[in-house]
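Enquirer: sequence and predicted structure are below.
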Amino acid sequence: MTELKALLFDVDGTLAETEEVHREAFNEAFRRAGLDWHWDQNRYRELLAVTGGKERIRHFIAESAPAMPQVEDLDAFIAGLHAAKTEVYTERAGSGRMPLRPGVERLLREARDAGLRLAIATTTTLENVTSLLDATLGPEARDWFELIAAGGVVPAKKPAPDIYHYTLEHMQLDPAACLALEDSENGLQAALAAGIPTLVTESFYTEGQDFTGAAALLDQLGEPGQSFRVLAGEVPEGEMVTVPWLRALHARVTGA
């Protein structure tokens, strides 16, 4: 029998609806660089198929051929834009503009009390993660997570499973003893490729993506008086995702 031992959380779209602030930060970085570029919500939704901010900028340049200055080092140019974007994002995240999604704080506290191990497995930067945690839960929340695997700690980003392999290796965990929480098709594919059962809570920018293989697809984790809605999959009874609920879902998926 494989017991549930750890919860592995994605960040953007999973802990909070951060992507709109990311989009605004990209546009502000472009403006500061004197670039006549603008990503509206539809364009950004398309660009989210490319995981990673620098990778997203590179894809945009290659596919859209926007007007830009002559640069000798494209990598350095892209890195500079992304650094400026990260600075804008962390400023705005620190302002408290991004509340956590329903049920996230409640579930994190319940999981800690129940002795489940917690980790973050994301391809966003470490600065983005810590600014969100500090603004929503307080700096002490960084210590709630045994590992924060973020940014460029692995060569390939989601949907590659590298960030999950890295997390499993560093925490010495069997993938079958974990449950990943994701919001996107890329994140789901990454977790499944690492052998980790995955619960998906669809977010604003991932609505309608292909979530085949998810243990369940919900609209949110739920709060008292604010029940989640089941979008796909067979789920345990209940109105909120709780630790017992997760244990029951994990047992069903793993056959434990």
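Expert: Happy to help now that I have it.
Enquirer: residues touching V104, list them.
Expert: 14-16, 221 (CB atoms under 8 Å, 6 or more residues apart in numbering). Just so you know, the C-beta spots here come from the backbone N, C-alpha and C atoms, and that holds for glycine as well.
Enquirer: again, only this time at 7 Å
Expert: 15, 221 (CB atoms under 7 Å, 6 or more residues apart in numbering).
Enquirer: my guess is Y164 meets I196, correct?
Expert: Yes - with contact defined as CB atoms under 7 Å, Y164 reaches I196; the gap is 6.0 Å.
Enquirer: excluding covalently adjacent residues, which one is nearest to F145?
Expert: L118 (4.9 Å; CB to CB, 6 or more residues apart in numbering).
Enquirer: the one you found reaches A149, doesn't it?
Expert: No - between L118 and A149 there is no contact under CB under 7 Å: 11.9 Å.
Enquirer: so for these two, which residue has more residues nearby?
Expert: A149 (25 against 16; other CB atoms under 10 Å).
Enquirer: next, give phi and psi for A180.
Expert: Main-chain torsions, A180, degrees, to the nearest 10: phi -90, psi 150.
Enquirer: and what of A16?
Expert: When read as degrees, to the nearest 10, the backbone of A16 gives phi -150, psi 160.
Enquirer: can I take it that K85 is in a strand?
Expert: No - assigned with DSSP: H, G, I helix; E, B strand; the rest coil, K85 falls outside any strand and is helix.
Enquirer: and the gap between it and V21?
Expert: Distance check for K85 against V21: by CB to CB, to the nearest Å, it reads 11 Å.
Enquirer: the more surrounded of these two?
Expert: For K85 and V21, the more surrounded residue by other CB under 10 Å is K85, and the numbers stand at 27 against 20.
Enquirer: in this structure the more buried one contacts A25, no?
Expert: Yes - under the criterion of CB under 7 Å, K85 makes contact with A25 at 4.8 Å.
Enquirer: ok so, going back, how far away is the residue nearest to F145 from L179?
Expert: 11 Å.
Enquirer: what residues are shared contacts of these two?
Expert: In contact with both L118 and L179: L7, using CB under 7 Å, 6+ apart.
Enquirer: quick one: the helices in the stretch 151-256 of the chain, in order.
Expert: 162-171, 185-193, 243-254 (DSSP state H, counting those that start in this stretch).
Enquirer: closest to R101 out of these?
Expert: Closest to R101 of the helices of the stretch 151-256 of the chain is helix 185-193 (CB to CB; 14.3 Å).
Enquirer: poorly predicted segments of the chain, please.
Expert: Across the chain, the ranges flagged by pLDDT under 70 are 1, 256.
Enquirer: looking at it, which residue lies furthest from center?
Expert: Q70 (34.1 Å; CA atoms, centre = their mean).
Enquirer: quick check: that residue is in a strand.
Expert: No - going by three-state DSSP, the assignment for Q70 is coil, not a strand.
Enquirer: any idea how far F26 is from it?
Expert: 22 Å.
Enquirer: now do the strands in the stretch 1-150 of the chain.
Expert: Remark: strands assigned in the stretch 1-150 of the chain by DSSP state E, counting those that start in this stretch are 6-9, 117-121, 147-149.
Enquirer: now distance to F60 too, for the ones you listed, in JSON lines please.
Expert: Converted to JSON lines, the strands of the stretch 1-150 of the chain look like this (distance: least, CB to CB, whole Å):
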{"stretch": "strand 6-9", "distance to F60": "28"}
{"stretch": "strand 117-121", "distance to F60": "26"}
{"stretch": "strand 147-149", "distance to F60": "26"}
